[in-house]
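A.B. asks: Sequence and predicted structure, then a few things I'm wondering about:
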Amino acid sequence: MASGLDGRSVVVTGAGSGIGRAAALAFAAEGARVVVADLDADGAGAAVEEITRAGGTAVAVTGDLSEQAVVDRLVATAVEHFGGVDVLVNNAGIMDRMSALAEVSDAEWERVLRVNLTAPFLLTRAVLPHMLAAGRGVVVNTASEAALRGSAAGAAYTASKHGVIGLTKSLAVMYRSQGIRANAIAPGGTRTAITVDAADGAHGPAALGAYFGNMGRTSEPAEQAAAIVFLASDAASSINGAILPVDNGWSAV
């Protein structure tokens, strides 16, 4: 089955590096027109340059997507340049410090939840009117192995990614009769630039260390991107509300 993505307008957040960049390139290779969103202007610009050099179409938007003004500017850019939003990929996220609950500061909790859960909520809410007016739309969220268990990250990150699954499933149920699909991938270990700034001697990393031996092979960003593009494509036209682990079997252990 053809992907059906040729000419579609696709927004990918966190597209300046890692999984998001790989996804943006993969969508462009399918003929989609891509809005590359990232906090890092250099990364976003480099992704757009790579897409256009390969003959694709892309535009960059930079800023912190946990801020409503940036969300509004992103959606306005997609509408102005590409006429709307057919596919939204909520991929941008940050890691916590692997902190156990008793060690989580207010600042760590609020920032991780704001970026990983509130930002996807804000952006999905902003694009929905355009999708509903078109009678179709796809949202693909990047959850995490930490969304499936309690042993893959700290308390803040784990809670935020469990929330992403809830958001995905609620969206799928609420709008399926109006042509909207929502799914998520749950990546396992993946080669990206995300690092963990764990506090020395903290309980969280020590408690979690015993479980990481089950992780298995580390994935490449392109492998995660392939799953995202599939879920956004017409090949997945009857897949809605699904959480797809892309983790080399970690979730099966």
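C.D. replies: Right, received. Where do you want to start?

A.B. asks: Apart from its neighbours in sequence, what residue is nearest residue 70?
C.D. replies: residue 63 (3.5 Å; Cβ to Cβ, 6 or more residues apart in numbering). For the C-beta atoms, the positions are set from N, CA and C on the backbone; glycine is no exception.

A.B. asks: Look at that neighbour and say how many residues are nearby.
C.D. replies: 16 (other Cβ atoms under 10 Å).

A.B. asks: show me the residues around it that make contact.
C.D. replies: By Cβ atoms under 8 Å, 6 or more residues apart in numbering, the residues touching residue 63 are 37, 39, 69, 70, 73, 74.

A.B. asks: need the helices for the stretch 51-200 of the chain, in chain order.
C.D. replies: Using DSSP state H, counting those that start in this stretch, the helices of the stretch 51-200 of the chain run over 68-82, 106-113, 119-134, 155-175.

A.B. asks: Nearest to residue 50, out of those?
C.D. replies: helix 68-82 (17.9 Å; Cβ to Cβ).

A.B. asks: In the closest one, which residues are buried?
C.D. replies: Buried residues in helix 68-82, defined by neighbour count with 16 or more other Cβ atoms under 10 Å: 70, 71, 73, 74, 75, 77, 78, 82.

A.B. asks: Export the residues you listed to TSV and append columns for distance to residue 108 and pLDDT.
C.D. replies: Listed next are the buried residues of helix 68-82 as TSV, based on distance: Cβ to Cβ, whole Å; pLDDT from 0 to 100:
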residue	distance to residue 108	pLDDT
70	22	98
71	23	98
73	27	98
74	26	98
75	29	98
77	31	98
78	32	98
82	36	98
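
A.B. asks: quick one: which of those residues is nearest residue 199?
C.D. replies: Of the buried residues of helix 68-82, the one sitting nearest to residue 199 (Cβ to Cβ) turns out to be residue 70, at 29.9 Å.

A.B. asks: any idea how far that closest one is from residue 193?
C.D. replies: 21 Å (Cβ to Cβ, to the nearest Å).

A.B. asks: Check residue 172 too.
C.D. replies: As for residue 172, its distance to residue 193 is 30 Å (criterion: Cβ to Cβ).

A.B. asks: Look through the chain and tell me its longest strand.
C.D. replies: strand 180-187 (DSSP state E).

A.B. asks: CA atoms only: put the helix or strand just after that one into PDB for me.
C.D. replies: Scanning forward in sequence from strand 180-187 by DSSP states H and E, the next helix or strand is helix 203-208. Taking C-alpha atoms only, helix 203-208 is exported to PDB below (Å, rounded to 0.1, in the frame of the first residue of the first chain):
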ATOM      1  CA  HIS A 203      19.000   6.600  45.000                       C
ATOM      2  CA  GLY A 204      17.100   6.600  41.600                       C
ATOM      3  CA  PRO A 205      20.000   5.600  39.300                       C
ATOM      4  CA  ALA A 206      21.200   3.000  41.800                       C
ATOM      5  CA  ALA A 207      17.800   1.400  42.100                       C
ATOM      6  CA  LEU A 208      17.200   1.400  38.300                       C
END
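
A.B. asks: for helix 203-208, the distance to its chain's centre please.
C.D. replies: Here helix 203-208 is found 26 Å from its chain centre; the criterion is Cα atoms, centre = their mean, to the nearest Å.

A.B. asks: quick one: buried residues of it?
C.D. replies: Judged by neighbour count (16+ other Cβ under 10 Å), helix 203-208 contains these buried residues: 204, 205, 208.

A.B. asks: How about stretch 102-122?
C.D. replies: Using 16+ other Cβ under 10 Å as the test for burial, stretch 102-122 gives 103-104, 108-109, 112-122.
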